[in-house]
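**Student:** need a structure here:
(chains A and B)
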Amino acid sequence: MHRIFLLTLLTTFLCVPAMNTNVFGWDRMARMAAVRPWHLPYYHPQARRPVSLVVPPNTAQTIYSWGAAGTQMRPIYHQYHRGPQNTIAERGHLRAPPGYPASTQQMGIHYIRAPW
Amino acid sequence: MMLRIHPASVLLVTMVLTLVHLSSLGRTLLAAKHDLKTNAKQCSGCEKCASRTNCSDACNCSQRNCRLCDPLTELCCIGNGELLAHLGRPREYGEPASTGPDLFYNFYNGPTGGATYSAAMYPSPRLTPPVTGYSYYTYQPIMPHEYMYRHKRKYHHYYNGNRGLNKTTVSYTPNRLQSLRAFVHWVLEPPR
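**Tutor:** Below you'll find the model as predicted:
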């Protein structure tokens, strides 16, 4: 009985650093979103600009692309927030989606999570 | 002793108040007649002012019914730009709302990390005709993004100088019957 109790205590103490929310939490998602763009340099053919698709805030995305290891399952880092909107710099050189796209990322539609 | 107010006197007071109100309202309405076609307010009440070619010129007619000479009721000559600024300019996609703080707010995702565009979550109040003004989601608890995940939320509103509290709890949960049906379907569905 004492052994089980001590083992449980030890496991708890060992698990606490692994449950650090900064590693898997909202802060990390925000930090990852701050350093990467929410769209690739392809525009949506109808909107002539990359289109954001609002998804629930607890969603990951699946990216299908060519190749053996082409399919990815990755978190959506970008999330809509209520802060002030940054200036729009609309002078980028966006390309049309290729005729034979190699990935679903090239279609000009990108997921952004809704606010929590 | 009971204080009694005769219904006729109530009616009389109401009529007097209404007349006073209407007279003051009519004065301002007469001063500036709104022309919707050109989005400009035309001067009226004075022939000299009304016949001017340039409405922004100063008026020195000193007539009693000329509203231009009264600085308190100066309502004429609101040009197109000022009227648009008053009613609201049509907004482009992604442009933040500049009017009231909480009537409608949007959510944004800025162009971080070298992105070319930023994204606004609700493109809905966009490019409205200038005379119409804006369109708003006036009731925030039923904004569509709240229905995207299961949660509860409480809205607090203090009133009467923080002496009263109105608390509303909203539960964004799916219908239990539909959930049960979906679960049964998920259990019993044939493998694909």
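
**Student:** Tell me, what's the model's pLDDT at B:M148?
**Tutor:** For B:M148, the model assigns a pLDDT of 90.

**Student:** lowest average confidence, helix or strand, in chain A?
**Tutor:** helix A:21-24 (a mean of 53; mean pLDDT, DSSP states H and E).

**Student:** Tell me which residues are up against the next helix or strand after that helix.
**Tutor:** Downstream of helix A:21-24, the first helix or strand assigned by DSSP states H and E is helix A:26-34. Identification of contacts with helix A:26-34 by CB atoms under 8 Å, 6 or more residues apart in numbering or on different chains yields A:T21, A:N22, A:P75, A:Y77, A:H78, A:Q79, A:W116, B:N109, B:T112, B:G113. In this view, the C-beta of every residue, glycine as well, is placed from N, C-alpha and C.

**Student:** can you rerun that using 6 Å?
**Tutor:** A:Y77, A:H78, B:T112 (CB atoms under 6 Å, 6 or more residues apart in numbering or on different chains).

**Student:** got the residues of chain A near chain B?
**Tutor:** By CB under 6 Å from any CB of the partner chain, the residues of chain A that approach chain B are A:34-39, A:49-50, A:52, A:54, A:56, A:58, A:78, A:80, A:82, A:85-86, A:88, A:92, A:112, A:114-115.

**Student:** lowest-confidence helix or strand of chain B?
**Tutor:** Using mean pLDDT, DSSP H and E, helix B:80-87 stands out as the lowest-scoring helix or strand of chain B, at a mean of 40.

**Student:** circling back: looking at the residues of chain A next to chain B, which are in strands?
**Tutor:** Residues of the residues of chain A next to chain B located in strands (DSSP state E): A:S52, A:V54, A:I112.

**Student:** Please name the bridge partners of the first one.
**Tutor:** Under the criterion DSSP bridges, A:S52 forms beta bridges with A:H110.

**Student:** Next one: B:S44, what pLDDT does it get?
**Tutor:** Looking at B:S44, its pLDDT is 49.

**Student:** no, scratch that, I was asking about B:G161
**Tutor:** For B:G161, pLDDT reads 85.

**Student:** Could you tell me how many residues sit around A:V55?
**Tutor:** 16 (other CB atoms under 10 Å in any protein chain shown).

**Student:** repeat for A:P50
**Tutor:** A:P50 has 23 nearby residues by other CB under 10 Å.

**Student:** quick one: low-confidence ranges for chain B?
**Tutor:** Residue ranges of chain B with pLDDT under 70: B:1-4, B:10, B:17-105, B:124-136.

**Student:** I'm done for today, thanks for sticking with me.
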